[in-house]
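Novice: Curious how this folds, go ahead:
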Amino acid sequence: MGFDKAEIEMLMDGVLAWPAVQDMMREAKDEDRFDKYVEIVQERVPWDDRILLPLTPALSIVARDGRRIVKCRCGHEFGDYRVNWKLSSLIYVRDDEESLSEVYQGREMPDPSWTQVREYVCPGCGTQLEVEAVPQGLSA
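Specialist: As a prediction, the model looks like this:
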């Protein structure tokens, strides 16, 4: 049983019925499922550079002018795919009780003397691209 592009798109949007999601997880992956996924992602961006590999819901490695770069769905370019895109993002660091308490409550809050939470944001559109918790003192 193969899954069509519309079903994959519904899965991406979080609106595919749970029984269909279970069927999709249970079945062997279609040989062309990744191609369908990339096609959907390509249709959803406002630019024409060819997507080579989606990295996250917002970031992809694309072919641009003979190079391979990381690009946000808004069009912001982070540069060469071999260089960590996080270094070109906006970074908000939560490393004290006040800033951590904006997100975490009670026992859920990490100990700020041990942990910092880094939020990576696209400078082009403000989309939060990734969040990571790291030990205090590690550089980005």
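
Novice: Just the CA coordinates for the lowest-mean-pLDDT helix or strand in the chain, please, in CSV.
Specialist: In the chain, the helix or strand scored least confidently by mean pLDDT, DSSP states H and E is helix 97-100, which has a mean of 89. Extracted in CSV, the C-alpha atoms of helix 97-100 (Å, rounded to 0.1, in the frame of the first residue of the first chain):
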residue,chain,number,x,y,z
GLU,A,97,16.1,31.6,37.0
GLU,A,98,14.1,34.6,35.8
SER,A,99,14.5,33.8,32.0
LEU,A,100,14.1,30.1,32.6
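
Novice: which outside residues touch that helix?
Specialist: Val93, Arg94, Met109, Pro110, Pro112, Val117 (CB atoms under 8 Å, 6 or more residues apart in numbering). In short, each C-beta sits where N, CA and C put it, glycine included.

Novice: Go through that helix and flag the buried ones.
Specialist: Leu100 (16 or more other CB atoms under 10 Å).

Novice: again with stretch 46-66
Specialist: Buried-residue list, stretch 46-66, by 16+ other CB under 10 Å: Asp49, Ile51, Pro54, Ala58, Leu59, Ser60, Ile61, Val62.

Novice: pLDDT score for the second one?
Specialist: At Ile51, the predicted lDDT confidence score is 98.

Novice: Specify the local secondary structure of the spatially most central residue of the chain.
Specialist: The structure's the chain has its C-alpha centroid closest to Thr56; by CA atoms, centre = their mean the separation is 2.6 Å. At Thr56 the chain is in coil, as set by DSSP: H, G, I helix; E, B strand; the rest coil.

Novice: now what about the longest helix seen in the chain, what contacts it?
Specialist: Longest helix in the chain by number of residues (criterion: DSSP state H): helix 33-43. The contact list for helix 33-43 (CB under 8 Å, 6+ apart) reads Phe3, Asp4, Lys5, Ile8, Glu9, Met12, Asp30, Arg50, Ile51, Leu53, Pro54, Ser60.

Novice: Among these, which ones are in strands?
Specialist: With DSSP state E as the criterion, strands contain Arg50, Ile51, Leu53, Pro54, Ser60 from among these.

Novice: Tell me what the third one is bridged to.
Specialist: Using DSSP bridges, the bridge partners assigned to Leu53 are Ile61.
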